[in-house]
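>>> here is a sequence with its predicted model. Questions after.
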Amino acid sequence: MELNNIVNITTRAMRSVLAYIETGADYSAITQKKERDVTRRFDLVAEEALLRELHEQEMSARVVSEEYGDRIVGKDPDCTLVFDPVDGSTNVAIRFPYFCSSLAYAPKVEDVCISDITMGVIVTNTLDVYAAQHGAVRFNGASLTTEKAQRHKPIIAGYSYGVPHVPYGLIELEKQCIVRIFGSIAYDLCNTAAGTLDAVVDTRGRLSSYDIAAGQLIVRACGGMVTTEEGNPLDARVTDTRLSLICSTDAALHAQITEVLSRFAPTERDKL
């Protein structure tokens, strides 16, 4: 499979969502409630667009996705696709224009981890395309390089909602930064690669591999770091959930974030 195939499939998935929204139908109706999320009608529209593309192009793959889970499409697959049909579903539901479709490719079927991913594409709600392969990133077909802005404070996407307790380290970190929360981790990773954001911090343990599979490759291909909150390189099976991450293209900032989180991490005594 070529990168252009991944770009075309992801773009058509996003186009299908945008077209469905414009029908005026009850596009955001909840069709299924899950433990930590819901499935909406437009999520299924994007999933169906992916399946339609695979069938029409007679492609066979293992597909891991948010809504339909882990399954084999076609016969004799030789690759794995990790698909998040709509990252930022709540934003779609409230018509906040910050969401995307994300598709990652790994050239193997068994025991697939994030580190096995060799191509990743994210298409935004404005149909901008971020595509990574071979350590390079293209934005709408042109090479993407991270813009290093001079700021008096770093701007981070810091996710702290939806958990019983906000870590002290994150509270302390947010005193040193300007925080923005947009509701789409995959899109945030693209903005970090581009330099619009300086970092993404999510310590909640609520992410799944499909949320970050393509985005982490885009950040790393721009020379950035994607780690656990302890600062270790982030890797996981493509079916894993309950992940956290820190990502940045600024090594000094990344070290600062991990140091602050570590310094204020709860001790075993605190947990008693």
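The structure has been received and is ready for your questions. Residues are numbered from 1 along each chain as shown.

>>> quick one, domains of the chain?
3-143, 155-267 (automatic domain parsing).

>>> and residue 62, how many neighbours?
21 (other Cβ atoms under 10 Å). Yep, even glycine has a C-beta here, placed from its N, CA and C like the rest.

>>> now it, nearest residue through space, not along the chain?
Counting by Cβ to Cβ, 6 or more residues apart in numbering, residue 62 lies nearest to residue 80, which is 4.4 Å off, once chain neighbours are set aside.

>>> phi, psi of the one you found?
Dihedral pair for residue 80: phi -120, psi 130, per degrees, to the nearest 10.

>>> over to residue 163?
The phi/psi pair for residue 163 (degrees, to the nearest 10) is phi -130, psi 150.

>>> OK, contacts around the nearest residue to it once chain neighbours are set aside?
Nearest non-adjacent residue to residue 163, counting by Cβ to Cβ, 6+ apart: residue 204, 4.8 Å away. Neighbouring residues of residue 204 by Cβ atoms under 8 Å, 6 or more residues apart in numbering: 159-163, 244.

>>> mind checking which of the residues you listed are buried?
Buried members of these, counted by 16 or more other Cβ atoms under 10 Å: 159-160, 244.

>>> lowest-confidence one in the residues you listed?
The member of those with the lowest pLDDT is residue 160, at 89.

>>> so that one touches residue 166, yeah?
Yes - with contact defined as Cβ atoms under 8 Å, residue 160 and residue 166 form a contacting pair (4.6 Å).

>>> any chance of the domains of the chain in JSON lines with distance to residue 149 as columns?
Converted to JSON lines, the domains of the chain look like this (distance: least, Cβ to Cβ, whole Å):
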{"stretch": "domain 3-143", "distance to residue 149": "17"}
{"stretch": "domain 155-267", "distance to residue 149": "6"}
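
>>> tell me the most buried of the ones you listed?
Using mean count of other Cβ atoms under 10 Å, the stretch among these with the greatest mean number of neighbours is domain 155-267 (a mean of 19).

>>> partner strands of the host helix or strand of the residue nearest to residue 163, with direction?
Taking DSSP states H and E as the criterion, residue 204 maps to strand 199-207. Strand 199-207 pairs in its sheet with strand 155-159 (parallel), strand 243-248 (antiparallel), by DSSP bridges.

>>> what does the average pLDDT come to for the next helix or strand after it?
Per DSSP H and E, the first helix or strand lying C-terminal to strand 199-207 is helix 209-221. Regarding helix 209-221, the rounded mean pLDDT is 97.

>>> go on, stretch 171-181?
93.

>>> just stretch 228-236 next, same as before
Mean predicted confidence for stretch 228-236 is 94.

>>> restricting to C-alpha, output it in PDB.
Output in PDB follows, covering the C-alpha atoms of stretch 228-236 (Å, rounded to 0.1, in the frame of the first residue of the first chain):
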ATOM      1  CA  THR A 228       5.000   8.400  28.700                       C
ATOM      2  CA  GLU A 229       4.600  10.800  31.500                       C
ATOM      3  CA  GLU A 230       7.800   9.400  33.000                       C
ATOM      4  CA  GLY A 231       9.700  10.400  29.900                       C
ATOM      5  CA  ASN A 232      10.100   6.900  28.400                       C
ATOM      6  CA  PRO A 233       9.500   6.400  24.700                       C
ATOM      7  CA  LEU A 234       5.900   5.600  24.200                       C
ATOM      8  CA  ASP A 235       5.000   2.300  22.600                       C
ATOM      9  CA  ALA A 236       1.900   0.000  23.000                       C
END
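
>>> tell me how far that stretch lies from the chain's centre.
Mean-position distance between stretch 228-236 and its chain equals 15 Å (Cα atoms, centre = their mean, to the nearest Å).
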